[in-house]
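Q: predicted model and sequence follow; I will ask about them next.
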Amino acid sequence: MNRFTRRNTLTLGVAGLSSFSAIRHVKAAQAAAQAKQVLVLFEQGGVSHVDTWDPKPSMPQEHASPFKTIATNVPGIFLTELFSKTARHADKLSIVRCMTQPTPGISNSHPKGSQYVFSGEAPGGPEEMPDIGTVVSYRLGTAARHLPAYIMVPGTDEQQENTRLGFLPPAHKVFKTGGQPHRPDWTVPNLGLLGIDERRFRDRRDMLSRLDVGIPGVQSLETGSLVSLREQAVDMLTNPGTRKAFDLQSEPQALREKYGLGHRGQCYLLGRKLIESGVRFVTIDCREPPASEYPGGSNMNWDHHDFIYSTGSTEIAGGGAGAGRWGIGTWPMMGSTDQAFAALLEDLHERGMLQDTLVCFVTEFGRTPRINERKGRDHWTHAFSIAFAGAGTPGGQVIGSTDQEGGFITSSQSYTLDDYAATIYQKLGMDLTEPLYTPANRPILLARKGKPIPELL
């Protein structure tokens with residue numbers, strides 16, 4: 001039986017005291033921010049940059065991508081035909097082709113690489129860094145009282161285990177929607193009243209408000225924040241806007257089809273809905289789930305060690321490191337990604353949301369410039385690509401360059417995932433010189449090894 005108790009109330013309140021102290025950070029950030037919200041599209045597994053963002057038509061034939069280089073709507077910017085729909089929106093994009101991941105021990109680890117993307121700092125430091133979204137929640141709070149500040153969609157793939165709360169209060173932990181949003185019967189757990197009708201819930205809330213929740217030695221202003229946090233929890237459970245934010249069925253069918261009716265398309269659409277509803281930080285980490293129409297597709301991330309150009313499953317006889325996914329050019333891979341990303345960019349633009357929303361298309365590393373003996377591409381950290389849009393990001397530009405095989409950076413500039421994190425914080429107006437503090441009062445700087453990417457500001 002669920003009970004409201006004084007002890008439970010105090011536990012909830014103490015965890016949320018930091019929310020009150022975040023108010024001053026919000027006011028300071030608002031004055032300098034280009035972005036109000038962030039939407040991260042984490043395409044996990046290591047997207048092959050030479051097959052997508054960084055085409056290499058002069059590559060040696062035996063290692064070349066089979067996909068044609070195509071023009072975009074920006075003269076001088078080229079992608080591969082796998083981004084044929086996205087190419088129409090290059091004027092909204094800054095493509096960073098000079099990403100590198102120099103930290104030893106991460107190149108062969110998807111878990112560590114994913115944690116690096118989530119936190120913006122290579123794992124293994126003296127303190128476990130929280131996710132970027134957790135930090136943003138802690139510093140800036142929520143823009144919608146009835147929704148969590150940091151949400152992951154769907155948060156069911158194996159790398160979701162590498163999200164981290166770190167040393168920050170539990171109130172800022174990521175909320176994972178779970179499930180498969182493209183299914184008609186999909187619902188988000190823990191949004192209801194757990195079997196309690198709304199009248200009884202409000203009666204219990206009124207009873208709770210009469211309890212003495214004062215803490216000796218705590219100023220009345222901080223005590224007031226406990227009440228505010230409790231009311232926010234009530235609002236999340238009873239506000240009709242909470243369920244509306246997750247209701248994909250309310251979207252026009254034509255728009256849903258534009259994104260793609262599969263898992264990835266509907267996850268991207270849900271990301272837009274959550275941002276539109278006021279969620280501060282949204283991460284999309286999705287892949288097409290196992291289905292009868294995709295035989296052999298048991299884990300369709302981008303880890304194409306085997307038969308990367310297969311028109312079906314990449315699994316080889318006897319098994320292989322790339323088993324469980326389809327070839328990069330198939331619908332459940334780049335087909336659905338290109339459609340969903342292009343639809344998202346157009347949708348955000350038409351709604352005027354790109355002005356305040358920073359969109360980040362990221363992966364943990366790239367793929368080798370040379371084809372291996374299994375006709376796949378292995379992990380590659382020396383050079384890879386990511387892309388940004390919105391929130392003052394100059395569109396229609398390419399940042400950095402690589403050699404004719406896409407193996408090594410040839411431009412004077414190169415950037416890391418630490419710089420990616422610093423860019424997000426800077427776009428949100430957060431002060432990188434002001435540290436967080438651990439429970440032991442140890443100061444921790446944000447993106448301490450990174451600097452904002454100047455071409456994006």
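A: Perfect, I can see it now.
Q: chain center to stretch 140-153: distance?
A: Averaged C-alpha coordinates place stretch 140-153 at 14 Å from its chain's average position (Cα atoms, centre = their mean, to the nearest Å).
Q: what comes up buried for that stretch?
A: 140-142, 144-153 (16 or more other Cβ atoms under 10 Å). Where C-beta positions appear, they are placed from N, C-alpha and C, glycine not excepted.
Q: quick one, what contacts Gly322?
A: By Cβ atoms under 8 Å, 6 or more residues apart in numbering, the contact set of Gly322 is Asp303, His304, His305, Asp306, Phe307, Ile308, Thr314, Glu315, Ile316, Arg374, Gly376.
Q: mark which of the residues you listed are buried, thanks.
A: Among the contacts of Gly322, the ones that count as buried by 16+ other Cβ under 10 Å are Asp303, His304, His305, Asp306, Phe307, Ile308, Thr314, Glu315, Ile316, Arg374, Gly376.
Q: can I get the residues you listed in TSV with secondary structure, pLDDT and distance to Gln37?
A: TSV is the format used below for the buried ones among the contacts of Gly322 (DSSP: H, G, I helix; E, B strand; the rest coil; pLDDT from 0 to 100; distance: Cβ to Cβ, whole Å):
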residue	secondary structure	pLDDT	distance to Gln37
Asp303	coil	97	30
His304	coil	97	32
His305	coil	96	36
Asp306	coil	96	38
Phe307	coil	96	39
Ile308	coil	97	35
Thr314	coil	92	36
Glu315	coil	85	39
Ile316	coil	83	43
Arg374	coil	94	41
Gly376	coil	97	37
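Q: looking at those residues, which is nearest Ser84?
A: Minimum distance to Ser84 across the buried ones among the contacts of Gly322 is 18.7 Å, recorded for Ile308 (Cβ to Cβ).
Q: from Leu417, how far out is that closest one?
A: Distance, Ile308 to Leu417, by Cβ to Cβ, to the nearest Å: 23 Å.
Q: okay, now Pro66: neighbour count?
A: 11 (other Cβ atoms under 10 Å).
Q: I'd say it and Ser310 touch.
A: No: the criterion here is Cβ atoms under 8 Å, and Pro66 misses it with Ser310 at 11.2 Å.
Q: ok, and the closest non-adjacent residue to Ser107?
A: Excluding the flanking residues, the one nearest Ser107 by Cβ to Cβ, 6 or more residues apart in numbering is Thr381, at 4.4 Å.
Q: I'd say that neighbour and Phe365 touch.
A: Yes: distance between Thr381 and Phe365: 4.7 Å, which falls inside the contact criterion (Cβ under 8 Å).
Q: can I get stretch 395-415 as CSV, trimmed to CA atoms?
A: Coordinates of each C-alpha in stretch 395-415 appear next as CSV, following Å, rounded to 0.1, in the frame of the first residue of the first chain:
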residue,chain,number,x,y,z
GLY,A,395,23.3,26.9,-40.8
GLY,A,396,24.9,25.8,-44.1
GLN,A,397,28.4,25.2,-42.9
VAL,A,398,30.9,22.4,-42.6
ILE,A,399,33.5,22.6,-39.8
GLY,A,400,36.8,20.8,-40.3
SER,A,401,37.9,18.3,-42.8
THR,A,402,39.5,14.9,-43.1
ASP,A,403,41.8,13.2,-45.7
GLN,A,404,40.6,11.5,-48.9
GLU,A,405,39.7,8.3,-46.9
GLY,A,406,38.1,10.0,-43.9
GLY,A,407,40.7,8.5,-41.6
PHE,A,408,42.5,11.5,-40.2
ILE,A,409,41.7,15.2,-39.6
THR,A,410,43.4,17.5,-42.0
SER,A,411,42.0,20.8,-40.7
SER,A,412,43.7,23.0,-38.1
GLN,A,413,40.8,22.5,-35.8
SER,A,414,39.6,19.3,-34.1
TYR,A,415,37.0,18.8,-31.4
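Q: buried set for that stretch?
A: Buried positions in stretch 395-415, judged by neighbour count with 16+ other Cβ under 10 Å: 395-400, 402, 405-407, 409, 414-415.
Q: off-centre distance for that stretch?
A: The answer for stretch 395-415 is 23 Å, by Cα atoms, centre = their mean.
Q: likewise stretch 282-291?
A: Here the centre of stretch 282-291 is set off from its chain's centre by 11 Å, with Cα atoms, centre = their mean.
Q: ends of that stretch, what's the gap?
A: Terminal residues of stretch 282-291 lie 26 Å apart, using Cα to Cα, to the nearest Å.
Q: what's across from the spatially most central residue of the chain in the sheet?
A: Residue closest to the mean C-alpha point of the chain, counted by Cα atoms, centre = their mean, is Thr283 at 2.6 Å. Here Thr283 sits in beta bridges with Val40, Met152, as judged by DSSP bridges.
Q: residues in contact with it?
A: Residues in contact with Thr283, defined by Cβ under 8 Å, 6+ apart, are Val40, Phe42, Phe118, Gly133, Tyr150, Ile151, Met152, Val153, Val174.
Q: what's the spacing between it and Lys258?
A: Distance from Thr283 to Lys258, by Cβ to Cβ: 22 Å.
Q: and for Asp356?
A: According to Cβ to Cβ, Asp356 and Lys258 sit 22 Å apart.
Q: rewinding a little: let me have the buried ones among the contacts of Gly322 in TSV, extended by distance to His263.
A: Shown next, in TSV, are the buried ones among the contacts of Gly322 (distance: Cβ to Cβ, whole Å):
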residue	distance to His263
Asp303	18
His304	19
His305	23
Asp306	23
Phe307	22
Ile308	21
Thr314	19
Glu315	20
Ile316	25
Arg374	27
Gly376	24
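Q: about what we covered before: from the buried residues of stretch 140-153, which ones fall inside helices?
A: In helices, judged by DSSP state H, the following of the buried residues of stretch 140-153 are found: Leu140.
Q: just how off-centre is stretch 389-405 within its chain?
A: Between the centre of stretch 389-405 and the centre of its chain there are 19 Å (Cα atoms, centre = their mean).
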